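**Q** got a structure for you, letters missing:
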């Protein structure tokens, strides 16, 4: 596989839940790519379709969900494969860490085996070697006494430790892409940062790509190269992280950014909130999904879905009829978003 | 579920229902079953109507006296629809009167065990302590013994009569109903409306009757069809073994038992009573599953 | 890890919980004898017995004592391993019960072993929900659960013994005398007994596995591309086992306590058959002994089930 081929490319992807009286659109017109060795942040409120997006990519969406469009993983069209081959291929190429470490590990199986089992199955690695690999990974993710821990059961570990074990498990097949689906949401705040730093270090050291899914802009801020903002099942803004943070063009992104606390505010400043509720699946607005909550919405916003437009930076795209003006001035959030610049 | 300190018997479907928290509204909202479940319910209604009005079916002969030749094959007359048995009695008539006998016994026994079980369970759940331990002991004991064994042990002493059978069958399920009621009361006991009623100085009896009892009905209703199906089977087994309803009166189990002698020559004779008992148990199980399912999904919704 | 402690705990908890049940059942059984219409002695001696004969027999058996005294006496004898004599054949009750129990145990364990096919069937259909096999087995199992054993017995013996003539309808040979003949005679009773168990076990196992399949860790395993059969074996079967074991324990107890219908229909000389003859002859000591045995079996089986829990669930071992 050539180096400039993106590790993951979703083309015009959509997800529908078959339901009565009519099918529900969970995701529509999803287009994005993840280049090699880069990190993409996917941000959105709960219900925006983040989890469904991840599950669709991983091929574990519930049976009632139809996924359309094209997903290219490492140059291979996933939907052109037989289901069994697809599952194996995804399992080898992609490592995934889910939200809740408490329930992501099987309480009845020793953690070492849960780490090692994937490479035993996918690459026929002999038992002893798989064990060595798993122990090595346990050490990498910062578990003390990895040899002993191999045979321990999940209930011996704290939440943060379990999430480290999940990370170790996701790395066992040397994946090219690591997906962290709200991987730190369920953890204590102090542990959150440790785990995020661990993810970032591993991604950089192992030259992997990463998708960091979160409802929290702060999580993706300093750790991703690009950011994709989901709202109501649509991509509303997508571009280099620093650019999006500095120059949000979609009003939802802007609202999200100003709802975020940051250091240069005076203390006790009230954070802005976004009035209203995200659209429900059953009655989505005909036009822009954000229109009912948007301060600047006018006629066309309520009737037609805006097309993706391109900003001055050609990689920065957004779907808004009346986008915010490009500001050149001070960044909305300073300092924290510099990784994009650093990586380039 | 998985600790050794768990109660002596656990994990049956009934147990799950009993453990589930009681819903806040009093009645099950019924409609919304599949066609299949509707058919099962309709069959049960039909059966109850038969049991009530079998005397008034025009042209139906008595189940106790011979009507035609021995072991006649089925024909298209009303009384001969299912053939005649070994001494020439109409099998259709016996099946229909047998429905009355089975349903009556099971219905009265269920009334008995529901009322006693509900009373004991409510008191045990409300006052806890010694009474609760007694109820648990009783329920555990009954679940340790197969119901046929219990009934046979009693029959050794009392002999068979319809009254004795009703009484013994009624005893079997008291523990289960009591346990369901008890679990319900315990889960209700600290709900706001009970605390509010207590704060307003309502008496224990009033709280139990007005606040708690209505909320126990759905869980009890949900276990009832399945337990009744069990009683139908137990009653049938007893009649089959010869310890059920005394002889000339028709009973499904007894009919099956008496048709076994002629099975090699007249296998058709077994069709009527077999269909009757299988359909009845199947319909009760279906309705029971439906109620339990609804109750569970409603609780998940709450 | 604390080694044997959880097993010791399982054993002691069950025994402690079993004692009051045992006492209640045996006391109830003793009380039953006073419910009987005539006195036991009258039943044995017949209507022509003189009052002296009846009184002599009553005092010999202790029937003239008050209930609680009779019960204490029975308990005392029990502790010495003496459960009295059967009323009619005048054999030691214990010998009779153990003799019969061996027969019933053979049938029950064979039926239990046969019903285990429900577990792989459940594994397959739970991993392919809504498929043809799933729908077929679900209908079949709910149908089987609606057919009482006495109907199954009649139908199967009609098909296999009368129409096809493959298997004998009645008869018995001891395993120790003639193992082949024993298996030959035991086949139909075992099949009849296991049908219900299989259906019930299948249902519970399938539903439990469907529940486990919703767990996050199964999603993780699927996302990692592990094969379905591996996931079922490694990640689903074991978490479903506690529920399955409970059902197996309950079924085994009921089958060991006597499969009345099956044994009486096929004339198998086991516990159930013995109870039926004892009931016919109002042989209360025998019924009492079998009731006690049932409680003991129940306690032992559920002790094993608890030990099974402790083996299956790693969390029990440390708590």
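**A** Yep, that arrived. Predicted model only: the values in this text are computed from it and were never measured.

**Q** can you name the residues of the stretch 201-319 of chain C sitting close to chain A?
**A** Applying Cβ under 8 Å from any Cβ of the partner chain, one finds that the stretch 201-319 of chain C approaches chain A through C:215-217, C:219-227, C:230, C:234-235, C:238-239, C:312-315, C:318. Quick note: C-beta positions are derived from backbone N, CA and C, even for glycine.

**Q** now the helix or strand hosting residue C:253: mean pLDDT?
**A** When elements are defined using DSSP states H and E, residue C:253 is found to belong to helix C:237-256. Model confidence over helix C:237-256 averages 90 on the pLDDT scale.

**Q** near chain B, which of the residues of the stretch 201-319 of chain C next to chain A show up?
**A** Filtering these for proximity to chain B (criterion: Cβ under 8 Å from any Cβ) leaves C:312-313, C:315.

**Q** turn those into TSV, including pLDDT.
**A** As requested, these are arranged in TSV below (pLDDT from 0 to 100):
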residue	pLDDT
C:312	87
C:313	85
C:315	79
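
**Q** and which of the residues you listed is nearest chain B?
**A** Distance to chain B across those (Cβ to the nearest Cβ) is lowest for residue C:313, with 4.5 Å.

**Q** now do that closest one: how many residues are near it, please.
**A** Residue neighbour count, defined by other Cβ atoms under 10 Å in any protein chain shown, stands at 22 for residue C:313.

**Q** can you name the residues that contact the closest residue to residue C:305 other than its chain neighbours?
**A** What sits nearest to residue C:305 in space, not counting adjacent residues and going by Cβ to Cβ, 6 or more residues apart in numbering or on different chains, is residue C:249, at 4.0 Å. Residues touching residue C:249, when contacts are defined by Cβ atoms under 8 Å, 6 or more residues apart in numbering or on different chains, comprise C:301-302, C:304-305.

**Q** among these, which one has the most neighbours?
**A** Taking other Cβ under 10 Å to define a neighbour, the member of the contacts of residue C:249 with the most is residue C:302, carrying 27 neighbours.

**Q** ok, that one to chain A distance?
**A** When distance is defined by Cβ to the nearest Cβ, to the nearest Å, residue C:302 is 21 Å away from chain A.

**Q** how near is the residue in the stretch 201-319 of chain C positioned nearest to chain A to residue A:60?
**A** Using Cβ to the nearest Cβ, the closest approach of the stretch 201-319 of chain C to chain A is made by residue C:225 at 1.9 Å. Note on residue C:225: its distance to residue A:60, by Cβ to Cβ, to the nearest Å, is 10 Å.

**Q** next step: the residues of the stretch 201-319 of chain C next to chain A restricted to helices.
**A** The helices, defined by DSSP state H, take in C:216-217, C:219-223, C:230, C:238-239, C:312, C:314-315, C:318 from these.

**Q** please pick the buried ones from those.
**A** Members of these that pass the buried threshold by neighbour count (16 or more other Cβ atoms under 10 Å in any protein chain shown) are listed as C:216-217, C:219-223, C:238-239, C:312, C:314-315.

**Q** what's the farthest-apart pair in those?
**A** Pairwise distances among those were taken by Cβ to Cβ; the largest, 25.5 Å, belongs to C:223 and C:312.

**Q** and stretch A:162-178, how far from the chain's centre?
**A** 15 Å (Cα atoms, centre = their mean, to the nearest Å).

**Q** report the buried residues of the lengthiest helix in chain B.
**A** Counting residues, the longest helix in chain B under DSSP H turns out to be helix B:91-127. Within helix B:91-127, the residues that qualify as buried are B:91-103, B:105-106, B:108-110, B:112-114, B:116-118, B:120-126, counting by 16+ other Cβ under 10 Å.

**Q** can it be said to contact chain C?
**A** No: contact of helix B:91-127 with chain C is not found when judged by Cβ under 8 Å from any Cβ; the minimum separation is 11.7 Å.

**Q** who are the packing partners of that helix?
**A** In this structure, helix B:91-127 packs against helix B:35-53, helix B:129-144, helix B:162-172, helix B:174-188, helix B:213-241, helix B:252-259, helix B:271-301, with contacts taken as 3 or more Cβ pairs under 8 Å, 6 or more residues apart in numbering or on different chains; DSSP states H and E.

**Q** give the buried residues for the second one.
**A** Buried residues in helix B:129-144, defined by neighbour count with 16+ other Cβ under 10 Å: B:131-132, B:135-144.

**Q** tell me the mean pLDDT for that helix?
**A** Confidence over helix B:129-144 (mean pLDDT, whole number) is 87.

**Q** got the angle for that helix vs helix B:91-127?
**A** Relative orientation of helix B:129-144 and helix B:91-127, computed by axes from the mean of the first three to the mean of the last three Cα atoms, to 10 degrees: 150 degrees.

**Q** what do you get for the longest one?
**A** Using the same axes, to 10 degrees, the direction of helix B:271-301 lies 30 degrees away from that of helix B:91-127.

**Q** report the angle between helix B:271-301 and helix B:252-259.
**A** Interaxial angle, helix B:271-301 versus helix B:252-259 (the same axes, to 10 degrees): 150 degrees.

**Q** check the second one too.
**A** Angle of helix B:129-144 versus helix B:252-259, following the same axes, to 10 degrees, is 20 degrees.

**Q** same question, the fourth one
**A** Helix B:174-188 and helix B:252-259 are oriented at 150 degrees to each other (the same axes, to 10 degrees).

**Q** where in the chain is pLDDT low?
**A** Defaulting to chain A. In the prediction, chain A carries residues with pLDDT under 70 at positions A:1-3, A:262-263, A:265, A:271, A:327-344.

**Q** my bad, chain B
**A** B:1-33, B:71, B:298-302.

**Q** contacts only, for the residue most central in space within it.
**A** What sits nearest the mean C-alpha location of chain B, by Cα atoms, centre = their mean, is residue B:228, with 1.1 Å. Residue B:228 sits next to B:106, B:110, B:284 when contact means Cβ under 8 Å, 6+ apart.

**Q** closest one of those residues to residue A:165?
**A** Compare each of the contacts of residue B:228 with residue A:165 using Cβ to Cβ and the shortest gap goes to residue B:284, at 48.7 Å.

**Q** distance of residue C:113 from residue C:119?
**A** As defined by Cβ to Cβ, residue C:113 lies at a distance of 12 Å from residue C:119.

**Q** let me redo that: residue C:66
**A** The spacing between residue C:66 and residue C:119, counted by Cβ to Cβ, is 52 Å.

**Q** ok, residue C:267 next?
**A** In this structure, residue C:267 and residue C:119 are 32 Å apart, going by Cβ to Cβ.

**Q** which one's more surrounded, the two?
**A** The neighbour comparison of residue C:267 against residue C:119 (other Cβ under 10 Å) goes to residue C:119, with 21 against 13.

**Q** how about the more buried one: what's its closest non-neighbour residue?
**A** If you skip the residues right next to it in sequence, residue C:119 has residue C:205 as its closest partner in space, 5.3 Å away by Cβ to Cβ, 6+ apart.

**Q** can you name every helix or strand that the helix or strand harbouring the one you found contacts?
**A** Using DSSP H and E, residue C:205 sits in helix C:179-213. Contacts of helix C:179-213 with other secondary structure elements, assessed using 3+ Cβ pairs under 8 Å, 6+ apart, are made with helix C:93-115, helix C:118-127, helix C:132-146, helix C:149-156, helix C:237-256, helix C:260-265.

**Q** good, wrapping up.
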